[in-house]
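> next one to model:
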Amino acid sequence: METMNGIYDPKNNRHPKLESRRKKKKLSRSLHSNLNLQEGRSSYGVQPLGNLLFNGSGNHNARDVGLGTLSLFSDETVMDVLGFLDAKDLCHLALVSKAFYVFSNQESLWRTLVLHQLKGNFSFQGSWKSTYIATHCPFSSSSPTLMSHFKVSNFYSDYLFQSWLCANLEMKQEWLEVDNIERREKLSLDEFISTFEEPNRPVLISDVLGNWGSLKKWDREFLCEVAGDTEFAVGPVDMKLKDYFSYADRVKEERPLYLFDPKFGDKVPDLSLGYEIPIYFREDLFSLLGKERPDYRWLILGPARSGSSFHIDPNSTSAWNAVIKGSKKWILFPPAVVPPGVHPSPDGAEVASPVSIIEWFMNFYGETKHWKKRPIECICRAGEVIFVPNGWWHLVINLEDSIAITQNYVSRRNLLNVLDFLSRPNSRELVSGTEDRVNLYDKFRRAYEDFSPGSIEELKRRDEEKKSKKSVPFWECATDAKVGAFKFGF
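Below you'll find the predicted structure:
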């Protein structure tokens, strides 16, 4: 399943402990001409630090001159401090020096102000600062002075430059070429269970959504007609769908807001009629809890470049993700292989990772090409569904405006994993999607034992038998589909 951050929390656009964790990779050289940049927000003249060396020893950094004593602090620290200021203070500070002008105009500061003060009640004006000003001072929208961007010469900062670059760099072709997931058609339920679900292997199925009404009907016009004034969960706020579409049309930023709503079926029942659960995923044991079950299904909408950074799905569940419109790039690592640049805490409660998906591709994707244990990669297109086994790390990025449905589920094949997860001493911190984290294990176990008495012990016995059999390591049998047939072995 796609999520908004490392450990599932659909209301946040990234992990709370990562708010101050920013870019640490140095850009030691100037921007090369072979980088494809989309037309995005202004860089205010910021250049990578390496350009200071290329431009001659007599040159100076306007950043250090303009910050004065504060130049001793890292750019990350300066931004953290400015994050405590309100809009009026930032505007005043921008008049102090060229350096403070650049820092005070960074979009991340104004995005926080808009989302904190306006929640989802705003009309996006192309930039977060323009949105804030247009909302509080409508007369200023016609003022070229207030809305203009001035370039500052001789300002060098890897930290600020990479933020701008990640917001404007297009996906490189080399990031999209690998497609080594097994793709199947006419897959029987028994074969799905024995070949993919039981051995916990991902698969992309391309021919099971043909009877979904949403494939033909769900476009922007239809969704606005049935739900345009309905508020959906978008990152840390709730927004009307029509306002979100307006934002998605104009946004050019590093981490676009993602509409990711777990209650869409309750808010707009007609949307629940647009799809049906594929036959492979219909055994959903959490349904035994009725209304007390954790969140399990989400409507997902987002523009190109929006998506979910590396995470493992909540509560040890498996998931399926079906694309209705658009296309998505997926990268998956098995449970025992932590993706490069991702640092989970020992208990799994926190995950430190790059701020944006593009940053991960820029700084870490290349490392995987030299690994023996390469990730599973694919592009999932409209009409296709991907099975994400429990425990697998995965990253998802939209390659174009996309609409998708995803659901998490518990079947008998991953029931023991879910029960083990829910029974852990730290489950109160790790369990997601329910208000009753403490009692979820007891409620779920009792509900299942009432439904199928004695079957848990039988599942444990079978699991022990499987573990006693020696299997071939997964990664020794995986090859790139571009080279030949993709084979699996366990």
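> flag the shaky bits of the chain, pLDDT-wise.
For the chain, applying pLDDT under 70 flags the ranges 1-42, 56-58, 139-148, 470-490.
> what segments of the stretch 1-150 of the chain are helices?
Using DSSP state H, counting those that start in this stretch, the helices of the stretch 1-150 of the chain run over 50-54, 62-67, 75-82, 87-93, 98-104, 107-118, 128-136, 144-147.
> looking at the ones you listed, which is closest to residue 290?
helix 107-118 (34.2 Å; C-beta to C-beta). No exception for glycine: its C-beta is placed from N, CA and C like everyone else's.
> so who does the closest residue to residue 200 other than its chain neighbours touch?
Leaving aside its sequence neighbours, residue 200 sits nearest to residue 389 (C-beta to C-beta, 6 or more residues apart in numbering; 4.1 Å). Each residue near residue 389 by C-beta atoms under 8 Å, 6 or more residues apart in numbering is listed here: 196-197, 200-202, 318, 414.
> for residue 122, same thing?
Contacts of residue 122 (C-beta under 8 Å, 6+ apart): 114, 131, 135, 243.
> at 6 Å what do you get?
Going by C-beta atoms under 6 Å, 6 or more residues apart in numbering, residue 122 touches 114, 131, 135.
> the last one: how many residues sit nearby?
If you count neighbours by other C-beta atoms under 10 Å, residue 135 ends up with 16.
> ok, it to residue 125 distance?
The gap separating residue 135 from residue 125 is 9 Å, by C-beta to C-beta, to the nearest Å.
> kindly report the same for residue 98.
Taking C-beta to C-beta, one finds residue 98 at 25 Å from residue 125.
> look at the two and report which has more neighbours.
A count of neighbours by other C-beta under 10 Å puts residue 98 above the other of residue 98 and residue 125, at 21 against 18.
> quick one: residues contacting the more buried one.
62, 66, 152.
> ok, the first one touching residue 154?
Think residue 62. Yes. Proximity of residue 62 to residue 154 meets the contact threshold set by C-beta atoms under 6 Å, at 4.6 Å.
> which stretches in the stretch 151-300 of the chain count as strands?
183-184, 203-205, 231-234, 237-240, 259-261, 297-302 (DSSP state E, counting those that start in this stretch).
> I would like the residues contacting the last one, please.
Yep, that's strand 297-302 we're talking about. 2, 258-262, 264, 398, 403-404, 406-407.
> would you map out the domains in this structure?
39-168, 173-476 (automatic domain parsing).
> how far away is residue 323 from residue 386?
Relative to residue 386, and taking C-beta to C-beta, residue 323 is found at 8 Å.
> which residues are common contacts for the two?
residue 380.
> neighbour count winner among these two?
With neighbours defined as other C-beta under 10 Å, residue 323 and residue 386 compare such that residue 386 has more, 27 against 24.
> in a helix, the more buried one, correct?
No. Under DSSP: H, G, I helix; E, B strand; the rest coil, residue 386 sits outside any helix and is assigned strand.
> ok, it to residue 321 distance?
Residue 386 sits 5 Å away from residue 321, going by C-beta to C-beta.
> which other residues reach the longest helix along the chain?
For the chain, the longest helix by residue count, based on DSSP state H, is helix 455-468. Contacts with helix 455-468, where a contact means C-beta under 6 Å, 6+ apart, come from residue 416.
> can you do 8 Å?
With C-beta under 8 Å, 6+ apart as the criterion, helix 455-468 contacts 412, 415-416, 419, 445, 448-449.
> now do the buried residues in that helix.
456, 459 (16 or more other C-beta atoms under 10 Å).
> roughly how far out does that helix sit from the chain middle?
When C-alpha coordinates are averaged (C-alpha atoms, centre = their mean, to the nearest Å), helix 455-468 and its chain have centres 35 Å apart.
> i'd like the first residue to be 581 from this point on
With the count now opening at 581, the last piece we talked about shows up as helix 1035-1048.
> dump that helix to CSV, keeping only the CA atoms.
Extracted C-alpha coordinates of helix 1035-1048, given in CSV (Å, rounded to 0.1, in the frame of the first residue of the first chain):
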residue,chain,number,x,y,z
SER,A,1035,-7.2,-23.0,13.3
ILE,A,1036,-4.5,-20.7,14.8
GLU,A,1037,-2.7,-23.7,16.3
GLU,A,1038,-3.0,-25.5,13.0
LEU,A,1039,-1.5,-22.5,11.2
LYS,A,1040,1.4,-22.5,13.6
ARG,A,1041,2.0,-26.2,13.0
ARG,A,1042,2.1,-25.7,9.3
ASP,A,1043,4.4,-22.7,9.7
GLU,A,1044,6.9,-24.7,11.7
GLU,A,1045,6.9,-27.4,9.0
LYS,A,1046,7.7,-24.8,6.3
LYS,A,1047,10.5,-23.3,8.3
SER,A,1048,12.1,-26.7,8.7
